[in-house]
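**Q** Please find the sequence and the predicted model below.
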Amino acid sequence: MNRLIVVTIVALFTAVASAGAVAQAFPAKPVRLVVAFPPGGATDTFSRVTAAEMTKSLGQQVIVENRPGAGTTIAAEYVAKSPPDGHTLLFTDLSTHAITPSIYTKLGYHPLRDFAAVAPVSVSPMIMVAHPSVGVKSARELIALAKKHPGITCGNAGIGTVTHMAAEKFRMRAGIDITPVNYKGGATSTISLLTGEIALIVTTIPAALEYVRAKRLVAIGLTAEKRSALLPDIPALGETVKGVEAAVIAGVLAPAATPRAVIERLNAEFARAVDGPKAREIFTVNGAEAMKTTPEALQRSLEQDVKTWAEVVKATGVKLQ
């Protein structure tokens with residue numbers, strides 16, 4: 001019995017020492033952040049500011065690599081099939097990542113089983129804006145108009161994106177009929193709204209805010225339960241309709257078999273990076289807030305989001321190959 005106890009203790013110390021050695025050895029080479037969006041957008045910007053901060057503390061360069069397309073699934077599949085050593089990470093919108101299994105009938109990966117949650121980076125609600133010619137200035141006025149004139153057009157950044165599903169969530173909760181207009185990117189939908197081709201869009205805050213301030217677009221509300229401290233003059237859709245919350249959550253995932261010690265090291269590094277003054281400045285300009293939590297908490301949040309968005313997707317009947 002005494003010998004068994006000794007063997008067990010030795011095994012535990014060996015495991016702890018091994019985990020520590022893995023953490024100390026990481027990173028052995030440059031770390032790649034594979035961004036699921038094109039250069040220039042908010043998610044890409046957040047990846048670059050955090051990469052710059054982490055390069056200082058990791059002792060290796062953190063490189064941003066853009067692999068956009070197919071609703072973030074190209075980048076996700078690439079990372080899911082990469083070596084699980086912490087040197088190749090997915091930097092994406094975690095809300096869109098949670099939507100994909102309900103939208104796509106064929107995925108080359110599973111959004112939960114094939115990834116390990118690493119860290120969130122930032123969180124931001126989206127914004128619903130209208131062309132001035134629509135004649136509404138609030139969610140309440142929009143709902144009243146939609147009930148009188150069903151089929152009001154609402155653009156988004158692409159079928160199955162979080163901007164699309166956020167609009168569908170609002171439509172369902174408000175009990176109105178809105179016709180989605182799917183574009184290939186948020187910039188295109190914004191241009192169509194500015195020219196009056198469509199009535200509404202749901203988009204990111206940076207994509208619309210300057211036009212709202214110039215009175216070229218009307219802010220109907222943020223896709224949030226309550227107002228943002230960064231934008232106190234813009235109402236939240238949740239003030240009028242409950243259960244319409246939807247956010248862009250920039251976050252990081254690793255291949256599923258990545259060692260726990262590496263995940264914890266990366267989580268600490270990202271937490272440190274988002275606290276940097278430059279990162280917080282960039283977040284604020286883009287209407288976002290720094291976000292920190294444990295890998296375990298982030299994993300639980302992802303699991304819940306997959307279930308929540310599945311209900312919305314099922315109600316819309318949207319499916320992609």
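**A** In hand now; what should we look at?
**Q** Helices along the stretch 1-150 of the chain, start to end?
**A** Per DSSP state H, counting those that start in this stretch, the stretch 1-150 of the chain carries helices over the ranges 2-25, 42-58, 73-80, 94-103, 139-148.
**Q** who does P255 bridge with?
**A** F115 (DSSP bridges).
**Q** Contacts only, for V129.
**A** 193, 200-201, 203, 208, 211-212, 217-220 (C-beta atoms under 8 Å, 6 or more residues apart in numbering). (C-beta placed from N, C-alpha, C; glycine too.)
**Q** Repeat the analysis, applying 10 Å as the threshold.
**A** Residues in contact with V129 (C-beta atoms under 10 Å, 6 or more residues apart in numbering) are 155, 190, 193-194, 200-203, 205, 207-209, 211-212, 216-221, 234.
**Q** L112 now?
**A** 97-98, 101, 253, 256, 299, 302-303, 306 are the contacts of L112 under C-beta under 10 Å, 6+ apart.
**Q** Equivalent analysis for F26, please.
**A** 58-60, 85-87, 258-259, 261-262, 265-266.
**Q** Relative to V136, which of these is nearest.
**A** Of all these, L266 has the smallest distance to V136: 45.0 Å, by C-beta to C-beta.
**Q** From I143, how far out is the closest one?
**A** Separation of L266 from I143 (C-beta to C-beta, to the nearest Å): 44 Å.
**Q** what about those two, which has more around it?
**A** More crowded of L266 and I143, by other C-beta atoms under 10 Å: L266, with 25 against 18.
**Q** okay, the angle between the helix or strand encompassing that one and helix 42-58?
**A** Assessed by DSSP states H and E, L266 sits inside helix 260-274. Relative orientation of helix 260-274 and helix 42-58, computed by axes from the mean of the first three to the mean of the last three C-alpha atoms, to 10 degrees: 110 degrees.
**Q** which ones are touching the closest residue to P101 other than its chain neighbours?
**A** Take P101 and drop its neighbours on the chain: the residue closest to it by C-beta to C-beta, 6 or more residues apart in numbering is P111, 5.2 Å away. P111 makes contacts with 72-73, 76, 80, 94, 96-102, 104, 253, 302-303, 305-306, as judged by C-beta under 10 Å, 6+ apart.
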